[in-house]
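Enquirer: kindly return the folded structure for what I paste below:
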Amino acid sequence: MATLRFGSREFESSQAALIRDIDLSNSALANLPSEIGYLTNLQGLDVSDNALSYLPPELGKLTGLQELRLGGNEIAALPPEIALLTGIQVLDLHSNKLRHLPSEIALLTNIQELDLHDNKLRTIPSEIGFMVHLRKLDLSSNNLQSLPSEIANLRNLRQISLANNPDLDFGDALQKLSKLPNLRTLILDENGFNFLPKEIGQFVNLDVLSIKRNNINILPSDIGNLTNLTTLDVSENNLIAIPKEIGSMANLHYLYLSHNKITNLPDEIGQLFYLQVLSLNANRLEGLPTDVGRLKNLHTLDLLDNKILKKNKDERLKIKRLLPNTTISWLSMQDDE
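Expert: Numbers count the residues shown, from 1 in each chain. Got it, this is the predicted structure:
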């Protein structure tokens, strides 16, 4: 009886058709044997964190595959046979050496999650527009310069990350992405922004916006259009102030503004009635507006490492009176009774 060997794993060939899922991650595989094609009823294959640089064409025989995880390898190109995996729903290719995607991806019309972060992609083929069931797309840490207009066809897309793509034309990219009616999470971290493109105001259905670790010194007034936003993370930038239009973001629950240069907050902060977490650590605050007392749902206020904590005990006591039910973090505070 023949034996199928994949690294340290062995399977009897007579049992191949019975195998539904196989995990070969961290198996020191330098290649994926052509015998993988015998596993014709395989639904899940994980060969992540190996040393694969090449995928055999026999991979295309796994037509029942629904989940394929190839992250953490050295793959530089996908074989055209990838197009035969028409039932695939999750494709993870993170941390490889991909410089382009084949046009054959147009046939992966059932895919729902595609992870391409940490590759060397400069462009995305227009054929991505055929992935009409795609819900989650991670393009972070690549070398992207533009997005195809066809990305607007991904009407079921709910989450996209474009973090760490500093050469991308974000004005153009945001204009295209703003046409996606179901987009709820947009991640734009680590792109070296000096300012946030005004097109951000078109994303009126967003739930989560993350633009941390950039060089933004001011937020556009258009950000007030994001009235459905529940989470906004602008930490680790160069913000000196927050626009009064933030008061229009009435559904905010989590607001992260740490590690900036903010000296004061607008009175309109008090209009965020549903706010639960407000992080302001490592700024230059000297006080908070009396309107913070209207934040009756605020349970966590982080004020670590601010001037307010070093010099003005009266201000600290005022804040404690305004927010008696809020847990407040101070810098090296002993007791402010």
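Enquirer: which one is Leu107 nearest to, not counting chain neighbours?
Expert: Spatial nearest neighbour of Leu107, chain neighbours left out: Ala83 (4.3 Å); criterion: C-beta to C-beta, 6 or more residues apart in numbering. All C-beta atoms are positioned from the backbone trio N, CA, C, and that covers glycine.
Enquirer: how about that neighbour, secondary structure?
Expert: helix (DSSP: H, G, I helix; E, B strand; the rest coil).
Enquirer: which residues does it contact?
Expert: Gly60, Pro102, Glu104, Ile105, Ala106, Leu107, Leu108 (C-beta atoms under 8 Å, 6 or more residues apart in numbering).
Enquirer: so how far is Thr40 from it?
Expert: To Thr40, Ala83 is 17 Å away according to C-beta to C-beta, to the nearest Å.
Enquirer: before we move on, what about Arg294?
Expert: From Arg294 to Thr40 the distance is 63 Å (C-beta to C-beta).
Enquirer: neighbour count for those two, which is higher?
Expert: Arg294 (18 against 13; other C-beta atoms under 10 Å).
Enquirer: which non-adjacent residue is nearest that one?
Expert: Gly270 (4.0 Å).
Enquirer: and for the one you found, the neighbour number?
Expert: 19.
Enquirer: shouldn't it be within a helix?
Expert: Yes. Counting by three-state DSSP, Gly270 is located in a helix.
Enquirer: the contacts of Ala83 in helices, which ones?
Expert: Among the contacts of Ala83, no residue falls in helices (DSSP state H).
Enquirer: which one of the residues you listed sits in the busiest neighbourhood?
Expert: Leu108 (23 neighbours).
Enquirer: quick one: that residue from Leu85, how far?
Expert: 7 Å.
Enquirer: for Leu303, same thing?
Expert: For Leu303 relative to Leu85 (C-beta to C-beta), the value is 52 Å.
Enquirer: and for Phe273?
Expert: Distance from Phe273 to Leu85, by C-beta to C-beta: 48 Å.
Enquirer: which one's more surrounded, these two?
Expert: Counted by other C-beta under 10 Å, Phe273 and Leu85 do not tie: Leu85 has more neighbours, with 22 against 13.
Enquirer: count of residues packed around the residue lying closest to that one once chain neighbours are set aside?
Expert: Sequence neighbours aside, Leu65 is the residue nearest to Leu85 in space, at 5.2 Å (criterion: C-beta to C-beta, 6+ apart). Using other C-beta under 10 Å, Leu65 is surrounded by 24 other residues.
Enquirer: how about Arg321?
Expert: Arg321, neighbours per other C-beta under 10 Å, totals 9.
Enquirer: do Asp21 as well
Expert: 12.
Enquirer: please report phi then psi for it.
Expert: Here is the backbone geometry of Asp21 (degrees, to the nearest 10): phi -140, psi 140.
Enquirer: separation between the nearest residue to Leu62 once chain neighbours are set aside and Gly71?
Expert: Leaving aside its sequence neighbours, Leu62 sits nearest to Leu42 (C-beta to C-beta, 6+ apart; 5.1 Å). Distance, Leu42 to Gly71, by C-beta to C-beta: 18 Å.
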